[in-house]
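Novice: Dropping a prediction and its sequence here:
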Amino acid sequence: HRRHQPPAAPTEAHLRNLRRVGVRRSNMADQYDAAFAIPEDAAGDRSPAEGRAGCRPRVKALFLHPVKSCAPVEVRSAALLKRGFEHDRCFALAVQKRPKPGKGHADGEGEGGAEWRFVSQRTKPMMARIATELWFPRRDDAAGEDDRDGDDLVRAGGCVVLRFQEPDAPDYDAPASDDVSSRTTTKPSSLVPAMVSLTVPLRPTAEMLRAHGIKRKPFGIHDRTAKGLDMSPFPSVASALPKLKRFLKLPEHHGLALLSCNGTASDSDSNDEDAMLSRTSGNLAPLRHIGTPSVHGYTDDQPLNVNSLASVHAVSALLPPGSGAGPLNALRFRANVWVAGSPAFDEETWKRFRFVPTGDNDNDNDDDGGGGGEGRPRRRVCATISAVCRTSRCTMPNVDPDRGVMCAGDPPPGRRKGRPQPSATLVEHRSVDDGNRGALGFLGMHCVPEDRSLAEAAATAGERGGRAGLVVRVGDEVEVLERGTHLFGSTANEY
């Protein structure tokens, strides 16, 4: 099963000094294999550190979501910071409610409580079809030093490229069938849709901010006010936003903006990253473990999300006939870390765990920007994690990430619509936590990196002249350090 993506194109001239980050073949290509469907009762006689009897689970795949609610970028390794994975949910799209011309009220499409409010797949499922690319400065000598030194995107540490279907072209969509095999069919070139792209720098320089009039703007994410640099005046973004508005079928009289919490390339002014991060406000991990209060960018409330392929298989097996959603694509649940080798829902017993490098994985020299890359390989520090609560699900898992549509089962007799899936199944079978009765079931774990391993990684990097930060790689083992029970909302809301 492959995600529907636009065909590869020659590198655009403005990206000539950059390299695209990602995997050539998805580590989730075999996610539907029955070997990953380890039943819940398969834990057997295991030690606290193990998943199945006698073996540890491993990291199956890693995903970054640079733009909240848009398609993810799959990577082989990722840098883990206090705020979560670097480059995860560091951009967000926001909508401004404006009254229709001649009207005294507004009928916005955003979500939240501020004038500018984030927008997501909950209301705009086609956001799943906005392909995301992550580009970093090249490490080779293909380009001259003078060319690189004068490249704004190199000075910004790279860029994010978004690509979406040209909204004014003849209608084209992914196959409407729920049959997985139908989505792997190669389309005739005459049916390949025209695409629109925009490029936004990861960390604009102070000169770029002044040149384009980029300023900080508040906007609403759920019940909190977030902050971000409004990158909308950046030329590539400004030219594409009107088409993106039409692609998302937003009212023409509404505003649309692209916000960033990355800060500037120098972080020497008031637009530094720390000022635009949010402190976690609920389900707080104990400070005796995490060290200092948890912070995050544009995630909903926690910096890291971990999930299990076995758990997705277990939920898929519960879907009723005619659900319109099965077998479930795990990417519906938008986790950062996908684990394989543990029984279904075993992750819900983890209180603390760590990612342990193994074999050829035991260094931080990588191609995904996760650990410094250049120079002599360094032995990686184990990333130690506190699991703080189950993930309470909303309607977003109902979005098929390949087609950008909400899924529902066959309507019962006398009804026009079927029940939304997998939400209906999650509510029926996975309402396993009394701490949030409004949740549409629970699946996955919210997690927080612990300061001690972050500090150890920073010290190790400093000693060897490298880049600070932990690194998690595909293939790392998961060692469970502590098990226990979780109840959503049972921890303090103040440290």
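Specialist: Nice, thanks for sending it over.

Novice: before we move on, what SS does H313 have?
Specialist: For H313, the secondary-structure state derived from DSSP: H, G, I helix; E, B strand; the rest coil is helix.

Novice: which residues touch it?
Specialist: H313 is in contact with A34, F36, A37, I38, A344, counting by Cβ atoms under 8 Å, 6 or more residues apart in numbering. From N, CA and C alone the C-beta is placed, and that goes for glycine too.

Novice: Find the nearest non-adjacent residue to the fourth one, please.
Specialist: The shortest distance from I38 to any non-neighbouring residue, by Cβ to Cβ, 6 or more residues apart in numbering, is to A310 (4.3 Å).

Novice: do the same with the third one
Specialist: The shortest distance from A37 to any residue other than its chain neighbours is 3.8 Å, reached at H313 (Cβ to Cβ, 6+ apart).

Novice: just checking, L284 touches H446?
Specialist: No - with contact defined as Cβ atoms under 8 Å, L284 does not count as touching H446 (10.9 Å).

Novice: what touches both of these two?
Specialist: V388.

Novice: And those two? Which one has more around it.
Specialist: Comparing L284 with H446 by other Cβ atoms under 10 Å, the one with more neighbours is H446, at 25 against 21.

Novice: Starting from R203, give me the distance back to that one.
Specialist: Plainly put, H446 is 27 Å away from R203 if you go by Cβ to Cβ, to the nearest Å.

Novice: gap between the helix or strand harbouring R288 and the chain center?
Specialist: Element membership for R288, per DSSP states H and E: helix 287-290. Distance, stretch centre to chain centre, for helix 287-290: 25 Å (Cα atoms, centre = their mean, to the nearest Å).

Novice: where in the stretch 1-150 of the chain is pLDDT low?
Specialist: Low-confidence segments of the stretch 1-150 of the chain, defined by pLDDT under 70: 1-11, 43-54, 99-114, 140-149.

Novice: Let's see that with 50 instead.
Specialist: Under the criterion pLDDT under 50, the flagged ranges of the stretch 1-150 of the chain are 1-10, 53, 105-108, 112-114.

Novice: residue ranges of the strands in the stretch 201-350 of the chain, please?
Specialist: Counting by DSSP state E, counting those that start in this stretch, the segments of the stretch 201-350 of the chain that form strands are 216-221, 224-230, 255-260, 278-279, 295-296, 304-308, 337-340, 350-356.

Novice: Let me have those in CSV, adding mean neighbour count, mean pLDDT and distance to R56 as columns.
Specialist: Shown next, in CSV, are the strands of the stretch 201-350 of the chain (neighbours: other Cβ atoms under 10 Å; pLDDT from 0 to 100; distance: least, Cβ to Cβ, whole Å):
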stretch, mean neighbour count, mean pLDDT, distance to R56
strand 216-221, 20, 95, 36
strand 224-230, 20, 94, 37
strand 255-260, 22, 97, 37
strand 278-279, 16, 92, 33
strand 295-296, 19, 94, 28
strand 304-308, 25, 98, 13
strand 337-340, 26, 98, 10
strand 350-356, 22, 97, 8
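
Novice: Beta-bridge partners for C447, please?
Specialist: On the basis of DSSP bridges, C447 takes part in beta bridges with L304, A387.

Novice: residues in contact with H289?
Specialist: Taking Cβ under 8 Å, 6+ apart, one finds R352, S386, E450 in contact with H289.

Novice: Out of the residues you listed, which comes closest to R98?
Specialist: When the contacts of H289 are compared for distance to R98, the smallest value, 42.4 Å, is given by S386; criterion: Cβ to Cβ.

Novice: That closest one: neighbour count?
Specialist: Applying other Cβ under 10 Å, we find 24 residues neighbouring S386.

Novice: Okay, it and T491: tell me how far apart.
Specialist: As judged by Cβ to Cβ, S386 and T491 stand 10 Å apart.

Novice: between the two, what contacts are shared?
Specialist: Any residue near both S386 and T491 by Cβ under 8 Å, 6+ apart counts here, and that gives A285, P286.

Novice: quick one on the thing from earlier: can you redo the contacts of H313 as a markdown table with distance to A455 and secondary structure?
Specialist: Converted to a markdown table, these look like this (distance: Cβ to Cβ, whole Å; DSSP: H, G, I helix; E, B strand; the rest coil):
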| residue | distance to A455 | secondary structure |
| --- | --- | --- |
| A34 | 42 | helix |
| F36 | 35 | helix |
| A37 | 39 | coil |
| I38 | 35 | coil |
| A344 | 35 | coil |
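
Novice: Looking at those residues, which two lie furthest apart in space?
Specialist: A34 and A344 (12.9 Å).

Novice: Quick check: nearest residue in space to the residue nearest the centre of the chain, chain neighbours excluded?
Specialist: A centroid search over the chain (Cα atoms, centre = their mean) returns H65, at 2.8 Å, as the residue closest to the centre. Once flanking residues are discounted, H65 sits nearest to P72: 4.8 Å by Cβ to Cβ, 6+ apart.

Novice: which ones are touching that neighbour?
Specialist: If a contact means Cβ under 8 Å, 6+ apart, then P72 has F63, L64, H65, T132, L331, R334 as its contacts.

Novice: With F333 instead?
Specialist: For F333, the contacting residues are N307, V312, T391, R393, P397, L443, G444, by Cβ under 8 Å, 6+ apart.

Novice: Tell me the pLDDT of it.
Specialist: Per-residue confidence at F333 stands at 98 (pLDDT).

Novice: so how far is M28 from L304?
Specialist: With the distance defined as Cβ to Cβ, L304 ends up 18 Å from M28.

Novice: Also S423?
Specialist: When Cβ to Cβ is the yardstick, S423 and M28 sit 22 Å from each other.

Novice: Cross-check the contact I'm expecting between C159 and T199.
Specialist: Yes - the pair formed by C159 and T199 meets the contact definition of Cβ under 8 Å, at 5.2 Å.

Novice: which stretches of the stretch 1-150 of the chain form helices?
Specialist: Taking DSSP state H, counting those that start in this stretch as the criterion, the stretch 1-150 of the chain carries its helices at 145-149.

Novice: That one: strands as residue ranges?
Specialist: With DSSP E, counting those that start in this stretch as the definition, the stretch 1-150 of the chain shows strands at residue ranges 18-21, 58-64, 73-75, 77-81, 84-85, 91-96, 116-118, 131-137.

Novice: And those: which comes nearest I214?
Specialist: The closest approach between I214 and any of these, judged by Cβ to Cβ, belongs to strand 91-96 at 13.2 Å.

Novice: And the closest one, how far out from the chain middle?
Specialist: For strand 91-96, the separation from the chain centroid amounts to 16 Å (computed by Cα atoms, centre = their mean).

Novice: Show me what that strand is packed against.
Specialist: Secondary-structure packing of strand 91-96 (3 or more Cβ pairs under 8 Å, 6 or more residues apart in numbering; DSSP states H and E): strand 116-118, strand 216-221, strand 224-230, strand 255-260.
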